[in-house]
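What follows is a protein structure lacking sequence information:
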């Protein structure tokens, strides 16, 4: 029950959460056995028929093919570019530590290593910054330093950061009704909601991410955004916009945190209306270029070029580390204040844990969700961006540590990875603070 | 007749040559009237219905929408990235000249300006290097320094350069039968052809690019590569490979130059088999990273990730200028010998003009086609990469000049732009040599 609930709660949109829970119950190949290089996906000209991964048949969403496709999104569909800029790449000093020797107790009390954690969570790549220096960096399978990986719902935190930035600058009013920016949402669940409620996901909206239900709204969402192939007879919404204007209210706003990907799409729409810029240009101008990123990032887009703000950002690990480090440093990085201190502070202070508690996340006790970030309210003041299948920006200000991680875990529920991941991250924080 | 012939000859594949010639006969908006910014394509969230450009209905191939879509290819379909590398961007020194004052006689003897030429040819962006310095650089409409533009058949010259490089290194044997690299082509037009015949396009193959004929092979080519939407009932080839293995012989090899895009696709396949790398990685490793490019380039790809070697490369103007300058300097740029001198020499020496003459290109007297480059055999020793709708790398070694140009001319035939373009380029060369 809790497992299913996590699936429903966390199955953010992602670029593709289209994994049935039933498959998670059967025996799956482990990280080593599912290494995409060894499995030979998409090698040769042409690849062998049984090694093909295609959008048209949905095979890109099937584990273990996801271990390849999560790093090859743009080869499977249309995208929008986030330019890295013309300036020099910012330095990421390196001071490597032998963390593979680090050991800690897993959720069953067994003694395991930092490397074991990576295998158990089907890590694709992972990097740790301590006091701004790279102390650990690893690329597994077919991943490379310069190849973007899908961030899944970590995308939402980028959208939320842009929104918080605009709010701090007075260019977006969180207390305003959503309809001030998007009149088209008047007769939807958002007709009587505020921007703040969208930013913190306390919206009462009829939107199910229950993949076992073929009538769940998530399917129309995915099809509307071109994330899934459609049958010739499909006559549902064909853009994100067309989908969003059909959302009905369910329950009340502002009572409880309810994680629903559509809120991120609505926030992305608000941000675009407030600035007159699309997400790609806005992210490039406001953040990517200033960070001194090494590489372009990209969003998956729908049939009219709309970026998937709920889960479609693809970026490199090092650039995600730069972003995480900037957040740790209250918006300052690469010799400049990139986003206002007030924006980061508004994220880090979190929202109301009581509203969050109603959502029942057993692996996230005492948390809240603010500006599309997960805030720990713990002694280490951690705050995080989280994406399904194991995508993560984990910021521990007390330990002066930032961990960024891309993964392709077969189970589309963070409950499957949180128990070991959190123990590993906390053990590393304690190790670095010694 | 000549007009039609040019359409057939030149309608390289392009990412989309799907423009009917009939439209070219009617009155078309001029460059200023068709400025994509002024026309308002794809502005707003969402864009107005009459301002939408979509792949699904083929509107991206319709002039004047092409003035937008030629710079937005990746938002319309899947792509493969050509990484710019981790090294520093190479310098392109600037020493601007006021070329807009340059005047010359057009094909009718009228006195026109350098700026007039740009408008007449629906120029999107243009850059001139003289002795390695930027003397002119202009971005019109929605183009930007950092946004790739489709190169159309200029793509072929990149593939040909890679092939010539491998040949110079002994890693590809031009005298070998095609089947040595691609046994799958045994029962096709290429079954008794050599690699050299493919490189120089003297292949006898049944392949029509006559767009007036719905049964012309070009349509299957386009659909196979995902360049056109297909009807639900479509049961033709679904990848470039599937299309290529069906090509039948027509006439004889080695007798005459015959410009057919499929030869570039076959050469791309040969290059991939010879190296074990896809085009994107090969171009990145061999050329893009070494040039010190500013930005990633990208290829459009088919449903199994195969790059369109015949016309699918998208790149920025400055990076195309770097490539052109390297070719002018016999493979040397950014402080290093990037490709072998022998490879460039083999391109510049050209092929047999007598075989070329049989193809009847009135605007290209005395030319030949070698390694997918157009070679002038004239007093200025010019050689060029040419793409439909006005894409160009024009190298004039005697004038120490390189011109790179992206355009979105409504007519899919270089015969429509050559008369004014060549006069302008030659006038500029003479001006710079004064």
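Perfect, I can see it now. Predicted, not measured: the structure shown is a model, and the values here were computed from it.

Spatially nearest residue to the residue of the stretch 51-200 of chain A found nearest chain B (excluding sequence neighbours)?
Closest to chain B within the stretch 51-200 of chain A is residue A:75: 4.7 Å, counting by CB to the nearest CB. For glycine as for every other residue, the C-beta is placed from the backbone atoms N, C-alpha and C. Nearest non-adjacent residue to residue A:75, counting by CB to CB, 6 or more residues apart in numbering or on different chains: residue B:305, 4.7 Å away.

Was I right to think residue A:340 contacts residue A:165?
Yes - taking contacts as CB atoms under 8 Å, residue A:340 lies within contact range of residue A:165: 6.3 Å.

who has more neighbours, these two?
Each of residue A:340 and residue A:165 has its neighbours counted (other CB atoms under 10 Å in any protein chain shown); residue A:165 has more, 25 against 17.

For the more buried one, pull up the helix or strand it's in.
Element membership for residue A:165 (DSSP states H and E) is helix A:154-168.

now that helix: mean pLDDT?
Averaged over helix A:154-168, pLDDT sits at 98.

Also stretch A:114-130?
The average pLDDT for stretch A:114-130 rounds to 97.

same thing with stretch A:295-309?
Averaging pLDDT along stretch A:295-309 yields 98.

start to end distance for that stretch?
The first residue of stretch A:295-309 is 20 Å away from its last residue (CA to CA, to the nearest Å).

so what pLDDT did residue A:235 get?
We have a pLDDT of 89 for residue A:235.

State the phi and psi torsions of the residue of the stretch 51-200 of chain A closest to chain B.
Torsion angles at residue A:75 (phi, psi; degrees, to the nearest 10) stand at phi -80, psi -10.

for it, what are its contacts?
Contacts for residue A:75 (CB atoms under 8 Å, 6 or more residues apart in numbering or on different chains) come out as B:78, B:79, B:80, B:301, B:305.

The third one belongs to a helix, doesn't it?
No - following the definition DSSP: H, G, I helix; E, B strand; the rest coil, residue B:80 is strand and is not counted among the residues of a helix.

wait, isn't it in contact with residue B:308?
No - Residue B:80 is not in contact with residue B:308 according to CB under 8 Å; the separation is 9.5 Å.

Which one's more surrounded, those two?
residue B:308 (28 against 23).

what does stretch A:99-117 rub up against?
By CB under 8 Å, 6+ apart, the residues outside stretch A:99-117 that reach it are A:120, A:123, A:128, A:135-136, A:419-421, A:423-424, A:426-428, A:431.

Next up, the contacts around the residue in chain A that chain B sits nearest to.
Going by CB to the nearest CB, chain B is nearest to residue A:232 of chain A, at 3.7 Å. Residues near residue A:232 by CB under 8 Å, 6+ apart: residue B:232.

for residue A:146, same thing?
Taking CB under 8 Å, 6+ apart, one finds A:294, A:295, A:316, B:83, B:86 in contact with residue A:146.

Can you tell me how far residue A:195 is from residue B:349?
Going from residue A:195 to residue B:349 by CB to CB, to the nearest Å gives 66 Å.

cool, and residue A:72?
For residue A:72, the distance to residue B:349 equals 40 Å [CB to CB].

more neighbours, the two?
Between residue A:72 and residue B:349, counting by other CB under 10 Å, residue A:72 is the more crowded of the two (24 against 14).

Per-residue pLDDT of that one, please?
Reading off the model, residue A:72 has pLDDT 98.

Now it: phi and psi?
With angles defined as degrees, to the nearest 10, residue A:72 sits at phi -130, psi 30.

Repeat that for residue A:375.
Dihedral angles (degrees, to the nearest 10) for residue A:375: phi -110, psi 130.

how close does the closest residue in space to it that isn't next to it in sequence sit to residue B:366?
The shortest distance from residue A:375 to any non-neighbouring residue, by CB to CB, 6+ apart, is to residue A:350 (3.4 Å). Per CB to CB, residue A:350 is found 74 Å from residue B:366.

Likewise for residue A:394?
Taking CB to CB, one finds residue A:394 at 66 Å from residue B:366.

can you list the residues of the stretch 51-200 of chain A near chain B?
Counting by CB under 8 Å from any CB of the partner chain, the positions of the stretch 51-200 of chain A adjacent to chain B are A:52, A:54-56, A:72, A:74-81, A:83, A:86, A:88-89, A:145-147.

Where does the prediction get shaky in chain A?
Confidence mapping of chain A against pLDDT under 70 gives the ranges A:1-26.

let's see 80
For chain A, the stretches with pLDDT under 80 are A:1-26, A:210-212.

Just give the nearest non-adjacent residue to the residue lying farthest from the centre of chain A, would you?
Relative to the centre of chain A, the most outlying C-alpha is that of residue A:45, 33.0 Å out, by CA atoms, centre = their mean. Nearest residue to residue A:45 in three dimensions, chain neighbours excluded: residue B:272, at 4.4 Å (CB to CB, 6+ apart).

cool, and residue A:266?
Ranked by CB to CB, 6+ apart and with sequence neighbours excluded, the top spatial neighbour of residue A:266 is residue A:198, at 5.3 Å.
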